[in-house]
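Visitor: Give the three-dimensional model of this entry:
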Amino acid sequence: MKRSAILALVGVGALVLTAGCGAGSTASSAQTVWATVQGHKITQQDVRTRVNIVKLLTPQSTAKLTRTDWVGETQELVDEYIVGQLASKAKFTLTKAQQSTAQSQLMSYLTQSYGSTTALDKAIKADNTNNAQLNAFAVRTTLLDGYLAKVVSTPFVTSAQIQSFYKANISQFQQPEEYDLAHILVTTKAKAQSILTQLQAGASFSALAKKYSTDTGSASKGGDLGYAPLSNYVTAFANAAKQLTKVGQISGIVHSQYGYHIIKLLGIHPATTQPLSAVTPEIQSYLQSQNQTTAQQKYIARLRTKVKVKLSVPKKVPTS
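Guide: Have a look, this model is predicted:
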């Protein structure tokens, strides 16, 4: 688990829960101290609460937790406690409106991720998390992120840096060749041959697609699949389409896992590269975010050297 992954997914802060926000536990192992910073104790339960929330935020992740993960999350809590103390001393706060916005943004993201409120509630329960912890998470992340943005200056992105990134990552801005194809899909080769014979005799491709094609998504449109790169299609279909070089040209019978196709070329868009001017705002935003993250990491690393920190994560840690 990485802070950057959480930031990219949630978009509500650069940090996560500070130590001490976790649910209480009577189990002695849960109260085992895994870190001490400026006399403040971070327990196994504090780290567990954080991990549970991170897991809830990343439902697509199936990797088992390693000791490195647990140590990393513990260190994150140490860093966040340090920054949180400074924010508190500076009396940096959020308005009620800002807190409400942060909470609603997080819940909206989670609801979208799980598909429905019912599914989200089920996931929260299974994750041993609760809405109070999630609300605290949203507010705390937004507060700490706002404080860091205020106290850490971010280097400005120059035109030279934008141009350099564009050249080094030119493949990201290239649009592949796209084909506008129509097809008629049937279940037997005999049926396909009958249709092909009619086409060769001058019958309307669109009319036959509407009448015979089993692809309900395109049949009503005369078989038109719209513009798309050939990589979108199964190999047999893509290879046959590649042989069509003139608009209006029709393929022979093509067999794929879906059945028997007859393909017609309607148009080709050549491969293009987006000009630098079109993607400059996107690149600038990305690089500015990278600069901000790097500057904040350096700032936190300097803070860490000024306080007394002791990590004591045991060799044997939970596996889930």
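
Visitor: what's the following helix or strand after the top strand by length along the chain?
Guide: The strand that spans the most residues within the chain, counting by DSSP state E, is strand 259-269. Beyond strand 259-269 on the C-terminal side, the first helix or strand identified by DSSP states H and E is strand 272-273.

Visitor: what comes up buried for the longest strand of the chain?
Guide: The neighbour-count criterion (16 or more other Cβ atoms under 10 Å) identifies Gly259, Tyr260, His261, Ile262, Ile263, Lys264, Leu265, Leu266, Ile268 as the buried residues of strand 259-269. (Glycine included, C-beta is placed from N, CA and C.)

Visitor: what do you get for stretch 188-195?
Guide: So, applying 16+ other Cβ under 10 Å, buried residues of stretch 188-195: Lys191, Ala192, Ile195.

Visitor: now the residues you listed in JSON lines, with secondary structure and pLDDT?
Guide: Formatted as JSON lines, the buried residues of stretch 188-195 follow (DSSP: H, G, I helix; E, B strand; the rest coil; pLDDT from 0 to 100):
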{"residue": "Lys191", "secondary structure": "helix", "pLDDT": "97"}
{"residue": "Ala192", "secondary structure": "helix", "pLDDT": "97"}
{"residue": "Ile195", "secondary structure": "helix", "pLDDT": "97"}
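
Visitor: where does Ile162 land in three-state SS?
Guide: helix (DSSP: H, G, I helix; E, B strand; the rest coil).

Visitor: Format the CA atom coordinates belonging to stretch 134-146 as CSV.
Guide: The C-alpha coordinates for stretch 134-146 follow below in CSV (Å, rounded to 0.1, in the frame of the first residue of the first chain):
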residue,chain,number,x,y,z
LEU,A,134,-14.3,7.2,7.5
ASN,A,135,-15.6,10.7,8.3
ALA,A,136,-12.6,11.2,10.5
PHE,A,137,-10.3,10.0,7.8
ALA,A,138,-11.8,12.4,5.2
VAL,A,139,-11.5,15.4,7.5
ARG,A,140,-8.0,14.6,8.8
THR,A,141,-6.6,13.9,5.3
THR,A,142,-8.0,17.2,4.0
LEU,A,143,-6.7,19.1,6.9
LEU,A,144,-3.2,17.8,6.8
ASP,A,145,-3.1,18.1,3.0
GLY,A,146,-4.2,21.7,3.3
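
Visitor: Contacts only, for Leu199.
Guide: Contact analysis of Leu199 by Cβ atoms under 8 Å, 6 or more residues apart in numbering lists Phe205, Leu208, Ile250, Ile262.

Visitor: Considering these, which possesses the most neighbours?
Guide: Ile262 (26 neighbours; other Cβ atoms under 10 Å).

Visitor: Isn't Phe137 up against Ile53?
Guide: Yes. Assessed by Cβ atoms under 8 Å, Phe137 is found in contact with Ile53 at 5.6 Å.

Visitor: The longest helix anywhere in the chain: which residues count as buried?
Guide: If you go by DSSP state H, the chain has its longest helix at helix 276-304. Judged by neighbour count using 16+ other Cβ under 10 Å, the buried positions of helix 276-304 are Leu276, Val279, Ile283, Gln284, Leu287, Ser289, Gln290, Asn291, Gln292, Thr293, Gln296, Ile300.

Visitor: what's the answer for stretch 63-81, then?
Guide: Within stretch 63-81, the residues that qualify as buried are 65, 69-81, counting by 16+ other Cβ under 10 Å.

Visitor: now stretch 303-320
Guide: Val309, Val313, Val317.
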